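Enquirer: No letters, just coordinates:
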């Protein structure tokens, strides 16, 4: 037996609360982040990801306090992202108790940030988050481009090339979100996931679109993802992490039970 | 007096190790310290570490902590985690840096050519996530932990030692590699017990009460 595929619940946090949006827009309250983190820890989550979606930079310190509180009670890896612009931001999050820091928009605006943060703190703690959207092409070959600013801004950058570049600059992992699927509950964009996962040597976390447990199975078996991330199917008590792992195990996927 | 000193040489997040030890051993004094005299006086010493080994060795030396760490490996219960394991060996392929040379062997990178599953799928590096740790020996630090429990790993290098008697556990990725070593008062692991939920907390609890013959 070897390395288990990971299930990672994702907590989008704003103003100290966990929320969940549809296609990155409408937000719905899902509860207190510390309580939710403890619940997922008890259910056997392999890691937790917190995305700070606070709009105003004035309120950024709130996430540090939340991470400090979670890190003193929950002993599994914690990834934190949202609003990371400088190496100093990475340092503050790591000191608060994050094990990995996720960089998204700033990686596009300043790719050197990924190299600097990785050079200083090690690739193991640098996750590059990619928000990908399929674009129309003349010959109908699939093409996805990188979007930033929570999915609002197009960059024209092709996703697979970008993922390879991020690996080269020192990313230790890719968090790949399909903007087309996020919040739809129609399942991962498997073609996108497979294309990126097969193209890079670092682990890829599939994200965006999970509506049932079979979608998680597909993300691993068809999307070749190393980990699967989901939010709403867990937040509202529809499924537990344990149920998700059992379903994956039934399909022959190695999980930590 | 400090019961457990966690050696802080400026490499990464020590809060998790600190919080986890406080969690499993309430009432004992745990200090994160960069002061060699605190390390010297502590009853037990933990050396964590993440990032690149050359940076770790450099920081350990320039901060004047190397002698205190070497002394601890000879005199008291010692727990090395991740780079804290790797630095015990003679040298590392990472930056071709010398280690402390306390145990024979070297630190090597996962061989890119070997990184495929039997089904032909690519295995990613870093080796990141929960893997099974197969205990090779009985040891007080394994007490209460299933012989194949999963622990959380994140690393691209591992230790390769010719002295198989120090191997305390192995994992597979895809071939077997040493993920824990034990010798006298030294116990060191490649995985992160502070991030490994119940199995990891059990190991830390065991360490907090371990009294090896020295």
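Expert: Now that the structure is in, tell me what you want to look at. This one's a predicted model, so the numbers in the text were calculated from it and none came from an experiment. Residues are numbered from 1 along each chain as shown, chains lettered A, B, ... in the order given.

Enquirer: What residues sit buried inside the longest strand along chain B?
Expert: Determined from DSSP state E, the single longest strand within chain B is strand B:176-183. For strand B:176-183, a neighbour-count test (16 or more other C-beta atoms under 10 Å in any protein chain shown) marks B:177-183 as buried. For every residue, glycine as well, the C-beta is placed using N, CA and C.

Enquirer: again, but for stretch A:232-249
Expert: A:232-235, A:239-241, A:244-245, A:247-249.

Enquirer: Next: stretch A:209-227.
Expert: Buried residues in stretch A:209-227, counted by 16+ other C-beta under 10 Å: A:209-213, A:215-220, A:223-227.

Enquirer: Closest one of those to chain B?
Expert: In terms of C-beta to the nearest C-beta, no member of these lies closer to chain B than residue A:226, at 5.8 Å.

Enquirer: got a list of contacts for stretch B:23-33?
Expert: Residues outside stretch B:23-33 that contact it (C-beta atoms under 8 Å, 6 or more residues apart in numbering or on different chains): A:72, A:75, B:1-8, B:14-15, B:18, B:21-22, B:38-39, B:42, B:201-202, B:204-205, B:208-209.

Enquirer: Let's see which of the buried residues of stretch A:209-227 end up in helices.
Expert: Per DSSP state H, helices hold the following members of the buried residues of stretch A:209-227: A:213, A:215-220.

Enquirer: Would you mind giving me the confidence score for residue A:26?
Expert: Note for residue A:26: predicted pLDDT of 66.

Enquirer: how about low-confidence regions in the chain?
Expert: Going with chain A. A:21-26, A:55-59 (pLDDT under 70).

Enquirer: think we crossed wires, I meant chain B
Expert: For chain B, counting by pLDDT under 70, the residues that fall below are B:12.

Enquirer: Return the closest of the buried residues of stretch A:209-227 with respect to residue A:166.
Expert: Within these, the smallest distance to residue A:166 is 15.3 Å, found for residue A:226 (C-beta to C-beta).

Enquirer: show me the contacts for the closest residue to that closest one other than its chain neighbours.
Expert: Counting by C-beta to C-beta, 6 or more residues apart in numbering or on different chains, the nearest residue to residue A:226 once its immediate chain neighbours are dropped is residue A:203, at 3.8 Å. Going by C-beta under 8 Å, 6+ apart, residue A:203 touches A:172-174, A:226-227, B:124, B:126, B:128-129.

Enquirer: any chance of the residues you listed in TSV, with distance to residue B:91 and secondary structure too?
Expert: As requested, the contacts of residue A:203 are exported to TSV (distance: C-beta to C-beta, whole Å; DSSP: H, G, I helix; E, B strand; the rest coil):
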residue	distance to residue B:91	secondary structure
A:172	24	coil
A:173	28	strand
A:174	32	strand
A:226	30	coil
A:227	33	strand
B:124	26	coil
B:126	21	coil
B:128	24	strand
B:129	27	strand
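
Enquirer: Identify the farthest-apart pair in these.
Expert: Between all members of the contacts of residue A:203, the farthest pair (by C-beta to C-beta) comes out as A:174 and B:129, at 14.3 Å.

Enquirer: neighbour count winner among the two?
Expert: Neighbour count, other C-beta atoms under 10 Å in any protein chain shown: between residue A:174 and residue B:129, residue A:174 has more, with 28 against 24.

Enquirer: Could you list everything that one pairs with in the sheet?
Expert: Judged by DSSP bridges, the bridge partners of residue A:174 are residue A:128, residue A:204.

Enquirer: Double-check it against residue A:199; I have them as touching.
Expert: No - here residue A:174 does not reach residue A:199: they are 9.8 Å apart, not a contact under C-beta atoms under 8 Å.

Enquirer: Residue B:75 touches residue B:185, doesn't it?
Expert: Yes - at 7.3 Å, residue B:75 counts as touching residue B:185 under the criterion of C-beta under 8 Å.

Enquirer: got any residues that touch both of those two?
Expert: Counting by C-beta under 8 Å, 6+ apart, the residues touching both residue B:75 and residue B:185 are residue B:214.

Enquirer: So which of those two has more stuff around it?
Expert: The neighbour count for residue B:75 versus residue B:185, taken as other C-beta under 10 Å, is higher for residue B:185 (20 against 12).

Enquirer: tell me the contacts of that one?
Expert: So residue B:185 contacts B:73-78, B:212, B:214 (C-beta under 8 Å, 6+ apart).

Enquirer: One more pass at 10 Å, please.
Expert: The contact partners of residue B:185, taken as C-beta atoms under 10 Å, 6 or more residues apart in numbering or on different chains, are B:44-45, B:72-79, B:210-214.

Enquirer: Excluding chain neighbours, give the residue nearest to it in space.
Expert: Counting by C-beta to C-beta, 6+ apart, the residue nearest residue B:185 is residue B:212, at 4.5 Å.

Enquirer: now do residue A:186
Expert: Going by C-beta to C-beta, 6+ apart, residue A:186 has residue A:209 as its nearest residue, at 5.4 Å.

Enquirer: Got phi/psi on that neighbour?
Expert: Dihedral angles of residue A:209 (phi, psi; degrees, to the nearest 10) stand at phi 110, psi 0.

Enquirer: same deal with residue A:97?
Expert: phi 130, psi 0.

Enquirer: What of the one 3 residues further on?
Expert: The phi and psi torsions at residue A:100 (degrees, to the nearest 10) take the values phi -140, psi 150.

Enquirer: gap between it and chain B?
Expert: 8 Å (C-beta to the nearest C-beta, to the nearest Å).

Enquirer: and residue 84, what is it in contact with?
Expert: In the absence of a named chain, this looks at chain A. Neighbour list for residue A:84: A:52, A:60, A:90, A:92-93, A:101-107, A:113, A:117, A:126-127, A:129 [criterion: C-beta under 10 Å, 6+ apart].

Enquirer: You answered for a different chain; I wanted chain B.
Expert: Neighbour list for residue B:84: B:6-7, B:9, B:11, B:17, B:45-50, B:56, B:69, B:78, B:188-190 [criterion: C-beta under 10 Å, 6+ apart].

Enquirer: Among these, which are located in helices?
Expert: Judged by DSSP H, the contacts of residue B:84 include B:17, B:56, B:69 as members of helices.
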